[in-house]
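>>> need the 3D shape of this:
(one chain, ligands or ions: 2)
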Amino acid sequence: MKVDTNICIRCGACASVCPVNAIEVADAYVRADKSCNNCGICAKLCPVGAVMIERKL
Ligand code: SF4
Ligand code: SF4
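Numbering: from 1, shown residues only. Ligands and ions are numbered 1, 2, ... in the order given. Okay, the predicted model is just below:
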């Protein structure tokens, strides 16, 4: 996943639901590390729609 930092309000909801604990929330950014499997759970939960999921082809 990737986060649009212009939209993200740093609420931390994505980080709290990620099953592999991949998300780091900081003042300037929110990002996922390599353990992210693009499951999409965080994208469904984000209140402002800031999460973009990269589809694996
Ligand atoms: S897409 Fe899934 S694995 Fe990746 S950061 Fe979001 S909840 Fe975690
Ligand atoms: S749930 Fe959405 S708004 Fe909240 S920290 Fe994650 S990406 Fe940002």
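>>> how about the strands of this structure, start to end?
Here the chain has its strands, by DSSP state E, at 2-3, 23-25, 30-32, 51-52.
>>> export those to CSV and tack on mean pLDDT?
Converted to CSV, those look like this (pLDDT from 0 to 100):
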stretch, mean pLDDT
strand 2-3, 96
strand 23-25, 98
strand 30-32, 97
strand 51-52, 97
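>>> adding distance to residue 38, write those out as TSV.
(C-beta placed from N, C-alpha, C; glycine too.) Output for the strands of the chain, formatted as TSV (distance: least, C-beta to C-beta, whole Å):
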stretch	distance to residue 38
strand 2-3	10
strand 23-25	12
strand 30-32	9
strand 51-52	10
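>>> in TSV, list those strands along with mean neighbour count and distance to ligand 1.
Shown next, in TSV, are the strands of the chain (neighbours: other C-beta atoms under 10 Å; distance: least, C-beta to the nearest ligand atom, whole Å):
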stretch	mean neighbour count	distance to ligand 1
strand 2-3	18	9
strand 23-25	16	5
strand 30-32	20	4
strand 51-52	18	7
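>>> test my guess that residue 17 contacts residue 41.
Yes. Between residue 17 and residue 41 there is a contact at 5.5 Å, judged by C-beta atoms under 8 Å.
>>> how about the residues of the protein near ligand 1?
Applying C-beta under 6 Å from any ligand atom, we find that the chain lies next to ligand 1 at 1, 18, 20, 22-23, 32, 36-42, 53.
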